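Chemist: from the sequence below, what's the structure:
(one chain, ligands or ions: 1)
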Amino acid sequence: MQNDQLIYMDYSATTPVDDRVIEAMLPYWKEGWGNPSSSHQFGQTAKMGLENARRTIANLLGASPAEIVFTGSGSEADNLALRGVMRAAGQSGRGNHLIISAIEHEAIHKTALQLADQPEYELTILPVDEFGLVDPQKLKQAIRPETVLVSIMAANNEIGTQQPFIELGQICKEQNVLFHTDAVQAAQYIDWNLDEMPIDLLSLAPHKFYGPKGVGILYIRNGTPIVSTMTGGGQENGQRAGTSNVPFAVGAAKALELVSTEREASNLKLINLRDKLIRGILDSFSADEVRLTGHPERRLPHHASFAFRNLPGGDLVMHLDLLGIASSSGSACSSGNPIPSPVLQAVGLDATWNAGGMRFTLGKHSTASDVDYLIDQLPAAIESLKQFSTIVYG
Ligand SMILES: Cc1ncc(COP(=O)(O)O)c(C=O)c1O
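Modeler: This is a model prediction of the structure:
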């Protein structure tokens with residue numbers, strides 16, 4: 001996608017819905033539109049669609065259908081995991097301590113902070129190293145007798161680092177602590193076999209893998225103590241009230257099926273493009289101007305992220321947009337007033353770097369010529385942005 005078309009390099013923000021997903025969803029708007037909780041034929045047709053979708057997702061994740069809960073988003077799945085598990089533990093007096101990492105998405109971070117605002121809960125935020133990795137030894141040391149839940153993301157949205165989540169989950173299992181991982185960014189790159197993995201709860205968001213927005217998935221291992229945070233009709237095994245959104249559940253299942261069958265070839269293609277992009281950008285600037293953020297190897301196949309020194313990432317995103325390239329900056333920014341990225345701060349980047357985060361994320365429509373175009377345009381874009389900043393802000 002380039003030249004007279006726009007180049008999309010923001011697949012970590014969201015992805016276009018695959019045509020095959022749209023086709024799978026259509027019948028559940030046109031014919032199977034009944035309420036799956038109704039006992040008549042309209043309802044039962046819809047229910048069949050919903051339960052087939054649940055079964056497909058369960059099979060693909062190595063889980064059983066009763067362990068799959070449809071939510072309204074990845075954020076809602078994260079909220080249910082943290083609030084539902086901590087509340088259940090509080091009610092049964094099993095403990096009150098929650099552990100997260102310093103680079104969790106806001107859906108985890110803000111939820112954990114809100115829980116910790118209440119006197120009955122305690123929170124530990126684990127630091128990460130310069131690559132964004134959680135140290136398993138530090139997790140071991142942080143676990144206390146009253147620890148209920150550890151929530152550490154499978155991979156980070158901003159810097160692409162993949163955590164050693166199996167090792168971290170194993171530590172939790174040995175200590176009899178529940179382990180949740182936010183896999184919203186990682187879902188399509190990993191061959192999940194949750195039956196065998198030390199993971200009790202897992203969050204997914206289908207719009208990150210060519211499925212619809214407005215639906216999320218929370219895997220809850222059988223027997224995990226959790227209470228619903230939403231009251232009402234008791235849908236989704238009592239975990240989420242509200243009439244089920246059958247077309248979105250069907251779309252979520254189709255999207256997961258497609259990325260699962262296409263995973264191997266897709267990962268290889270993306271890794272090649274990603275490495276070309278990383279090499280091209282690092283070769284275009286000095287080490288004093290740009291650095292790779294996140295782990296050099298343990299990173300998501302589609303994810304290239306950088307910090308530019310003394311450059312507001314938000315401004316560069318706007319500048320690249322004018323050149324037809326859609327990218328993302330980790331830091332919130334209003335022109336001339338860059339706000340540091342908490343993730344870049346957590347990996348130890350100082351004020352000269354931590355507002356200059358940039359993320360280029362690739363996907364199935366990305367091509368080598370997209371990457372060439374970015375590498376070709378970026379030096380001049382940065383040069384003109386620097387001159388503009390000097391003129392406007394002094
Ligand atoms: C790691 C991670 N967790 C959770 C979310 C929230 O997902 P959603 O926006 O679909 O609710 C995102 C969104 O970007 C994410 O990257």
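Chemist: for residue 217, give me the backbone phi and psi.
Modeler: phi -130, psi 130 (degrees, to the nearest 10).
Chemist: nearest residue to it in space, please, no chain neighbours.
Modeler: residue 204 (4.2 Å; Cβ to Cβ, 6 or more residues apart in numbering). Every residue, glycine included, has its C-beta placed from N, CA and C.
Chemist: which residues are in contact with that neighbour?
Modeler: Contacts were defined as Cβ atoms under 8 Å, 6 or more residues apart in numbering; by that measure residue 204 touches 74, 77, 183-184, 187, 216-219, 256.
Chemist: need the residues you listed in TSV with secondary structure, can you?
Modeler: Formatted as TSV, those follow (DSSP: H, G, I helix; E, B strand; the rest coil):
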residue	secondary structure
74	helix
77	helix
183	coil
184	coil
187	helix
216	strand
217	strand
218	strand
219	strand
256	helix
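Chemist: quick check: which of those are also close to the ligand?
Modeler: 74, 184 (Cβ under 6 Å from any ligand atom).
Chemist: want to try TSV for the contacts of residue 204, with neighbour count as columns?
Modeler: Shown next, in TSV, are the contacts of residue 204 (neighbours: other Cβ atoms under 10 Å):
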residue	neighbour count
74	26
77	30
183	26
184	29
187	26
216	27
217	28
218	26
219	27
256	26
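Chemist: quick check: residues of the stretch 101-250 of the chain near the ligand?
Modeler: Near the ligand, when you scan the stretch 101-250 of the chain using Cβ under 6 Å from any ligand atom, you find 105, 107, 153, 157, 182, 184-185, 205, 207.
Chemist: most neighbours among these, please name it.
Modeler: Neighbour counts for those (other Cβ atoms under 10 Å) peak at residue 182, which has 32 neighbours.
Chemist: just checking, that residue touches residue 151?
Modeler: Yes. At 6.9 Å, residue 182 counts as touching residue 151 under the criterion of Cβ atoms under 8 Å.
Chemist: so what's in contact with those two at the same time?
Modeler: With Cβ under 8 Å, 6+ apart, residue 182 and residue 151 have common neighbours 78, 104, 108.
Chemist: which non-adjacent residue is nearest the second one?
Modeler: Spatial nearest neighbour of residue 104, chain neighbours left out: residue 153 (5.7 Å); criterion: Cβ to Cβ, 6+ apart.
Chemist: repeat for residue 5
Modeler: residue 324 (7.5 Å).
Chemist: now the longest helix seen in the chain: mean pLDDT?
Modeler: Longest helix in the chain by number of residues (criterion: DSSP state H): helix 368-393. Averaging pLDDT along helix 368-393 yields 87.
Chemist: likewise stretch 221-235?
Modeler: 95.
Chemist: between its first and last residues, what's the separation in that stretch?
Modeler: With Cα to Cα, to the nearest Å as the measure, stretch 221-235 spans 18 Å from end to end.
Chemist: buried stuff in it?
Modeler: Within stretch 221-235, the residues scored as buried using 16 or more other Cβ atoms under 10 Å are 221, 224-230, 235.
Chemist: which of the residues of the stretch 101-250 of the chain next to the ligand fall in helices?
Modeler: Using DSSP H, these in helices are residue 107.
Chemist: can you add pLDDT and give the residues of the stretch 101-250 of the chain next to the ligand back as JSON lines?
Modeler: Output for these, formatted as JSON lines (pLDDT from 0 to 100):
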{"residue": "105", "pLDDT": "98"}
{"residue": "107", "pLDDT": "98"}
{"residue": "153", "pLDDT": "98"}
{"residue": "157", "pLDDT": "98"}
{"residue": "182", "pLDDT": "98"}
{"residue": "184", "pLDDT": "98"}
{"residue": "185", "pLDDT": "98"}
{"residue": "205", "pLDDT": "98"}
{"residue": "207", "pLDDT": "98"}
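Chemist: check the residues of the stretch 101-250 of the chain next to the ligand and tell me the two furthest apart.
Modeler: The most widely separated members of these, counting by Cβ to Cβ, are 153 and 207 (17.2 Å).
Chemist: follow-up on the earlier one: which one among the shared contacts of residue 182 and residue 151 gets closest to the ligand?
Modeler: residue 78 (5.7 Å; Cβ to the nearest ligand atom).
Chemist: thinking again about what came up before, among the residues of the stretch 101-250 of the chain next to the ligand, which are in strands?
Modeler: The strands, defined by DSSP state E, take in residue 182 from those.
Chemist: now the residues of the stretch 101-250 of the chain next to the ligand as a markdown table including distance to residue 292?
Modeler: Formatted as a markdown table, those follow (distance: Cβ to Cβ, whole Å):
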| residue | distance to residue 292 |
| --- | --- |
| 105 | 21 |
| 107 | 26 |
| 153 | 19 |
| 157 | 16 |
| 182 | 23 |
| 184 | 22 |
| 185 | 17 |
| 205 | 26 |
| 207 | 27 |
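Chemist: just the residues of the stretch 101-250 of the chain next to the ligand now: which is nearest residue 19?
Modeler: residue 207 (15.3 Å).
Chemist: pretty sure the closest one contacts residue 14?
Modeler: Yes. Counting by Cβ under 8 Å, residue 207 touches residue 14, with 5.0 Å between them.
Chemist: now the common contact residues for those two.
Modeler: Common neighbours of residue 207 and residue 14 (criterion: Cβ under 8 Å, 6+ apart): residue 213.
Chemist: so what's the backbone phi/psi at residue 348?
Modeler: Residue 348 has phi and psi values of phi 90, psi 10 when expressed as degrees, to the nearest 10.
Chemist: got a list of what it touches?
Modeler: Counting by Cβ under 8 Å, 6+ apart, residue 348 has contacts residue 130.
Chemist: and residue 116, by the same measure?
Modeler: So residue 116 contacts 98, 122-123 (Cβ under 8 Å, 6+ apart).
Chemist: again, but for residue 220
Modeler: 67, 69, 81, 200-201, 226, 239.
Chemist: how about residue 361?
Modeler: Applying Cβ under 8 Å, 6+ apart, the residues near residue 361 are 9-13, 302-304, 328.
Chemist: again, but for residue 61
Modeler: So residue 61 contacts 68, 192-194, 202, 219, 256 (Cβ under 8 Å, 6+ apart).
Chemist: buried members of the contacts of residue 361 into PyMOL, please.
Modeler: Of these, the buried ones go into a single PyMOL selection, burial set by 16+ other Cβ under 10 Å:
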select buried, resi 9+10+11+12+302+303+304+328
